[in-house]
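*Asks:* quick one, structure for this:
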Amino acid sequence: MENTIGNRESSISQNEPENNWRGYFSFSTDHKVIGVQYMVISFIFFLVGGLLAMLMRAELITPQSNVVDRPLYNGLFTLHGTIMIFLWIIPFNAGISNYLVPLMIGARDMAFPLLNTISFWMIPPGGILLLSSFLLPNGTAQSGWWSYPPISLQIPPGQPINGEFIWIISLVIIGISSIMGAVNFVTTIFWMRAPGMTFFRMPVFVWSVLSAQLLQLVNLPSLTGALILLLFDLNFGTQFFKPLENGDPIIYQHLFWFYSHPAVYIMALPAFGIFAEVLPAFSRNPLFGYRSLAVASLGITVVSIFVWVHHMFTSVTPSWMRILFMVTSMLVAVPTGVKAFGWTATIWRSKLHLETPMLFAMAGAAMFLLGGVTGVMLAAVPFDIHVHNTYFIVGHFHYIVFNTITMAIFAAIYFWFPKITGRMYAEGWGKLHFWLTLISANLTFFPMLPLGLQGMVRRISSYDPRYQGWNVIASLGSFLLGVSILPFIANMLGSWLYGTRAVNNPWHATGLEWTTTSPPPQDNFDEIPVVKRPPYDYGDPKYSVIESPDYHQPEH
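*Replies:* Next up is the predicted model:
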């Protein structure tokens with residue numbers, strides 16, 4: 001088979017829309033503009049969160065605390081975790097979903113364009129407000145991204161505006177934005193699909209977005225409510241969570257983790273959807289078990305609602321509750337295992353086209369296995385108690401949020417970059433970025449697993465010298481990880497400005513988004529398409545999703 005990846009011939013319309021960078025600074029209601037705005041602002045916050053992480057790792061090279069003082073270190077890890085979850089992954093997923101979902105289901109726009117605009121424009125002030133806490137005399141919040149009371153309530157009297165106050169307000173703003181976005185996504189997917197686009201003709205990415213946003217609707221209000229109650233305790237004299245005044249801090253943990261454990265799946269489900277789009281395109285195989293993978297997304301949604309006590313096995317949790325939530329936590333492995341099996345079967349015995357999106361997708365799926373296995377280990381009560389509050393937790397979590405989800409995000413950026421910009425990226429720079437990222441990410445996060453098994457406690461800036469060897473490797477890996485982002489930035493900016501013109505479907509992928517121009521016009525399609533066939537069928541022209549003169553099947 002002739003390798004047709006990256007083929008540049010034909011299909012560039014003379015009336016192809018041009019990129020207008022000034023439009024991305026406007027209060028646009030176009031879902032495509034809003035999607036790019038989300039992705040760009042979240043990437044800027046990703047860079048900030050990465051710099052904070054590198055400062056932390058600089059501190060941890062030596063056992064002594066000699067780079068930053070301990071209050072500042074506490075502030076660094078609090079803001080690092082907050083930024084990477086609430087200002088990087090979740091907003092980026094909202095951005096890529098904003099851009100793609102209407103295109104994938106054949107819609108002109110999101111169901112509520114103005115609400116979509118408002119949802120985005122709550123993110124920049126929420127993020128800037130969070131970072132502004134560094135300017136306060138008493139510094140930023142220091143109680144971690146979970147902000148457990150009573151630690152988060154230990155603020156000197158007479159300081160109504162403090163780091164913890166700013167942290168709560170910013171997260172409430174970001175949370176309300178996410179709730180509004182979830183309403184928009186669910187409504188769009190239910191009511192804006194093109195004629196013939198039944199639920200089982202939707203791409204798995206759309207199933208993943210729907211499942212994640214349903215979780216946002218059900219679970220996120222509990223976190224928002226908990227933060228408001230915490231704010232009242234902090235500033236208005238209430239006693240919801242104050243143990244010395246008949247309050248109960250364990251209730252806060254329940255409310256917090258009722259959202260924050262499903263938040264892992266809110267972040268991971270779009271990543272799983274990205275794998276399901278990229279792997280078939282570069283293996284030239286139909287997606288194996290399409291219906292099973294679609295239903296597995298909903299299965300993850302349902303089961304993940306009932307796992308939050310998994311994080312509270314050491315928090316005065318009764319034995320019956322430990323056993324119940326150990327079982328439900330392990331049960332999540334079933335639908336996620338279905339997905340991993342489907343990805344593997346899709347590329348099995350295929351002639352793989354190892355372009356940059358495929359490399360990131362395959363690496364992310366492989367890294368998810370290690371993150372998933374360690375997750376099943378942590379679901380077991382005895383093991384979880386043994387490694388509780390150690391670096392094993394940190395290593396497991398980062399194998400999910402970086403080595404899986406952020407890898408998937410990079411796969412998505414490279415895969416849909418031609419569709420979004422109308423340009424092709426530089427493949428050589430993309431592969432350099434991939435190899436630097438893969439090597440440095442494993443150097444950074446794998447040492448945390450043996451460190452945790454040896455007993456190193458997390459959230460500390462000084463430690464026993466016997467842990468120094470693994471910490472040096474992790475810190476050097478983090479510095480290389482920071483360097484690895486430089487070729488990505490250069491590639492994206494240079495290619496957007498000067499890259500080769502992209503054809504409508506450079507990857508010969510299936511899906512409605514590949515049947516329109518690159519970048520798409522204002523209304524996405526000249527006419528609303530009528531869907532004739534199921535997605536993900538490669539190799540037989542009769543299985544194209546719609547009949548369109550611009551749609552190109554792979555060569556044989």
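
*Asks:* so which bits of stretch 347-359 are buried?
*Replies:* By neighbour count with 16 or more other CB atoms under 10 Å, stretch 347-359 contains the buried residues 347, 353, 355-359. Just so you know, the C-beta spots here come from the backbone N, C-alpha and C atoms, and that holds for glycine as well.

*Asks:* where does this structure dip in pLDDT?
*Replies:* Flagging of the chain using pLDDT under 70 yields the residue ranges 1-23, 156-158, 536-556.

*Asks:* for it, what spans make up the strands?
*Replies:* Assigned by DSSP state E, the chain shows no strands.

*Asks:* closest to the centroid, which residue in it?
*Replies:* Ile89 (3.5 Å; CA atoms, centre = their mean).

*Asks:* roughly how far apart are that one and Ser152?
*Replies:* Separation of Ile89 from Ser152 (CB to CB, to the nearest Å) stands at 23 Å.

*Asks:* I figured Phe306 was touching Met326, is that so?
*Replies:* No. If you go by CB atoms under 8 Å, Phe306 and Met326 don't touch, sitting 11.6 Å apart.

*Asks:* what residues does stretch 169-180 touch?
*Replies:* 82, 86-87, 90, 94, 115, 118-120, 122-123, 125-127, 129-130, 216-217, 220-221, 223-224, 227-228, 231 (CB atoms under 8 Å, 6 or more residues apart in numbering).

*Asks:* rewinding a little: of the buried residues of stretch 347-359, closest to Phe236?
*Replies:* Using CB to CB, Pro357 comes nearest to Phe236 of the buried residues of stretch 347-359, at 50.3 Å.

*Asks:* for the residue nearest to the closest one when sequence neighbours are not counted, what are its contacts?
*Replies:* Nearest residue to Pro357, sequence neighbours excluded (CB to CB, 6 or more residues apart in numbering): Phe415, at 3.9 Å. Residues in contact with Phe415, defined by CB under 8 Å, 6+ apart, are 274, 277-278, 281, 357, 361, 507.

*Asks:* can you add distance to Gly499 and give those back as CSV?
*Replies:* CSV is the format used below for the contacts of Phe415 (distance: CB to CB, whole Å):
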residue, distance to Gly499
Ile274, 22
Glu277, 22
Val278, 20
Ala281, 20
Pro357, 15
Ala361, 21
Trp507, 15
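
*Asks:* that older thread, distance-wise, check the closest residue to the residue nearest to the centre of the chain other than its chain neighbours relative to Tyr498.
*Replies:* Distances taken as CB to CB, 6+ apart put Met267 closest to Ile89, at 4.6 Å, once the chain neighbours are dropped. Relative to Tyr498, Met267 is positioned 33 Å away (CB to CB).

*Asks:* out of those two, which sits in the busier spot?
*Replies:* For Met267 versus Tyr498, the count of surrounding residues by other CB atoms under 10 Å is larger for Met267: 24 against 9.

*Asks:* just give me how far stretch 463-472 sits from the chain centre.
*Replies:* Remark: stretch 463-472 is offset 30 Å from the chain centroid, using CA atoms, centre = their mean, to the nearest Å.

*Asks:* show me which residues of that stretch are buried.
*Replies:* Judged by neighbour count (16+ other CB under 10 Å), stretch 463-472 contains these buried residues: 463, 467, 470-471.

*Asks:* and the two most separated of those residues?
*Replies:* Largest pairwise distance in those, by CB to CB, is 10.5 Å, between Tyr463 and Trp470.

*Asks:* re earlier: which among the contacts of Phe415 gets closest to Gly49?
*Replies:* Ile274 (20.7 Å).

*Asks:* so who does that closest one touch?
*Replies:* Ile274 sits next to 96, 205, 361, 408-409, 411-412, 415 when contact means CB under 8 Å, 6+ apart.

*Asks:* ends of stretch 82-89, how far apart?
*Replies:* Terminal residues of stretch 82-89 lie 10 Å apart, using CA to CA, to the nearest Å.

*Asks:* swap in stretch 305-318?
*Replies:* End to end - CA to CA - stretch 305-318 spans 19 Å.

*Asks:* repeat that for stretch 243-250.
*Replies:* Terminal residues of stretch 243-250 lie 9 Å apart, using CA to CA.

*Asks:* can you list contacts of that stretch?
*Replies:* Outside stretch 243-250, the residues touching it (CB under 8 Å, 6+ apart) are 148-150, 233, 239-242, 312, 315-316.

*Asks:* in TSV: those, plus neighbour count and distance to Asn184.
*Replies:* Shown next, in TSV, are those (neighbours: other CB atoms under 10 Å; distance: CB to CB, whole Å):
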residue	neighbour count	distance to Asn184
Tyr148	17	32
Pro149	25	33
Pro150	16	38
Asp233	21	32
Gln239	13	37
Phe240	19	32
Phe241	25	32
Lys242	17	38
Met312	18	33
Ser315	14	35
Val316	7	40
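
*Asks:* of the residues you listed, which is the nearest to Gly50?
*Replies:* For those, the nearest to Gly50 is Tyr148 (25.2 Å; CB to CB).

*Asks:* I figured the closest one was touching Leu255, is that so?
*Replies:* No. Using CB under 8 Å, Tyr148 makes no contact with Leu255, being 11.4 Å away.

*Asks:* wait, what's in contact with the spatially closest residue to Trp308 that is not a sequence neighbour?
*Replies:* Spatial nearest neighbour of Trp308, excluding adjacent residues (CB to CB, 6+ apart): Trp257 at 4.0 Å. Listed by CB under 8 Å, 6+ apart, the contact set of Trp257 reads 308-312.

*Asks:* going by distance to His261, which of the residues you listed wins?
*Replies:* Out of the contacts of Trp257, the member with the shortest distance to His261 (by CB to CB) is Trp308, at 4.8 Å.

*Asks:* what about that closest one, how many neighbours?
*Replies:* Trp308 - counted by other CB under 10 Å - has 23 other residues nearby.

*Asks:* contacting residues for Pro447?
*Replies:* For Pro447, the contacting residues are 395, 470-471, 473-474, 477, by CB under 8 Å, 6+ apart.

*Asks:* could the residues you listed be laid out in CSV, adding distance to Arg533?
*Replies:* What follows is the contacts of Pro447, written out as CSV (distance: CB to CB, whole Å):
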residue, distance to Arg533
Gly395, 44
Trp470, 52
Asn471, 54
Ile473, 50
Ala474, 49
Gly477, 46
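
*Asks:* nearest to Leu453, of the residues you listed?
*Replies:* Taking CB to CB as the measure, Leu453 sits nearest to Gly395 out of the contacts of Pro447, at 9.5 Å.

*Asks:* if I look at the closest one, how far off is Val401?
*Replies:* In this view, Gly395 and Val401 are 11 Å apart by CB to CB.

*Asks:* for the two, indicate the residue with more neighbours.
*Replies:* When neighbours are counted by other CB under 10 Å, Gly395 comes out ahead of the other of Gly395 and Val401, with 26 against 21.

*Asks:* contact partners for that one?
*Replies:* 374, 445-449, 451-452.

*Asks:* closest one of those residues to Leu493?
*Replies:* Nearest to Leu493 among those: Phe445, at 27.8 Å, using CB to CB.

*Asks:* do I have it right that the closest one meets Ile393?
*Replies:* No. With contact defined as CB under 8 Å, Phe445 does not count as touching Ile393 (11.8 Å).

*Asks:* of the two, who's got more company?
*Replies:* Higher neighbour count among Phe445 and Ile393: Phe445, with 26 against 19, using other CB under 10 Å.

*Asks:* and Arg423, what are its bridge partners?
*Replies:* Arg501 (DSSP bridges).

*Asks:* which two in the buried residues of stretch 347-359 are spaced the farthest apart?
*Replies:* Ile347 and Thr356 (16.0 Å).

*Asks:* please enumerate the helices of the stretch 51-200 of the chain.
*Replies:* 70-82, 90-105, 113-121, 123-132, 163-191 (DSSP state H, counting those that start in this stretch).

*Asks:* looking at those helices, which is buried most?
*Replies:* Of all the helices of the stretch 51-200 of the chain, helix 90-105 carries the top mean neighbour count, a mean of 26, counting by mean count of other CB atoms under 10 Å.
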